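**Student:** the following block contains a protein sequence and its predicted model.
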Amino acid sequence: MEKKSILLLFGENIRKYRKQKGLSQEQLSFKAELHRTYIGMIERAEKNITLINIEKIAKALEIEIIDLFKPM
């Protein structure tokens with residue numbers, strides 16, 4: 001998978017799970033202890049996120065990390 005493709009998939013999955021949970025970007029950022037604009041940048045595939053932050057987001061969304069990498 002090329003770099004841009006995995007960033008797009010990851011960002012789309014975060015948005016999908018965030019909306020399923022009824023969370024705004026701001027609410028997710030608070031739960032994950034990350035900045036709101038950072039969440040938006042991840043969802044738009046503008047940021048290459050670290051493993052630590054992937055774990056924070058997965059925990060905040062109450063899902064497994066692997067779920068963020070599965071094609072929809």
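**Tutor:** Alright, I've got the coordinates.

**Student:** for the spatially most central residue of the chain, which three-state class applies?
**Tutor:** Centroid-nearest residue in the chain: I14, 3.5 Å away (criterion: Cα atoms, centre = their mean). The three-state label for I14, taken from DSSP: H, G, I helix; E, B strand; the rest coil, comes out as helix.

**Student:** quick one: it and I42 touch, right?
**Tutor:** Yes - using Cβ atoms under 8 Å, I14 is in contact with I42, at 6.0 Å. C-beta coordinates here come from the backbone N, C-alpha and C atoms, glycine included.

**Student:** need the overlap of contacts for the two.
**Tutor:** The contact sets of I14 and I42 overlap at I57 (Cβ atoms under 8 Å, 6 or more residues apart in numbering).

**Student:** sorry, back to before: ok, the residue nearest to the centre of the chain - contacts?
**Tutor:** I14 touches 28, 39, 42-43, 57, 61, 68, counting by Cβ under 8 Å, 6+ apart.

**Student:** let's see that with 7 Å instead.
**Tutor:** By Cβ atoms under 7 Å, 6 or more residues apart in numbering, the contact set of I14 is 42-43, 57, 68.

**Student:** among those, who's most crowded?
**Tutor:** I57 (26 neighbours; other Cβ atoms under 10 Å).

**Student:** what helix or strand does it sit in?
**Tutor:** helix 51-61 (DSSP states H and E).

**Student:** what lies in contact with that helix?
**Tutor:** 14, 17-18, 21, 28, 31-34, 64-65, 68.

**Student:** what ranges does the chain have for its helices?
**Tutor:** 3-20, 25-32, 36-43, 51-61 (DSSP state H).

**Student:** how many neighbours does D67 have?
**Tutor:** 12.

**Student:** so who does it touch?
**Tutor:** Taking Cβ under 7 Å, 6+ apart, one finds N13 in contact with D67.

**Student:** and for R44?
**Tutor:** Counting by Cβ under 7 Å, 6+ apart, R44 makes contact with G11.
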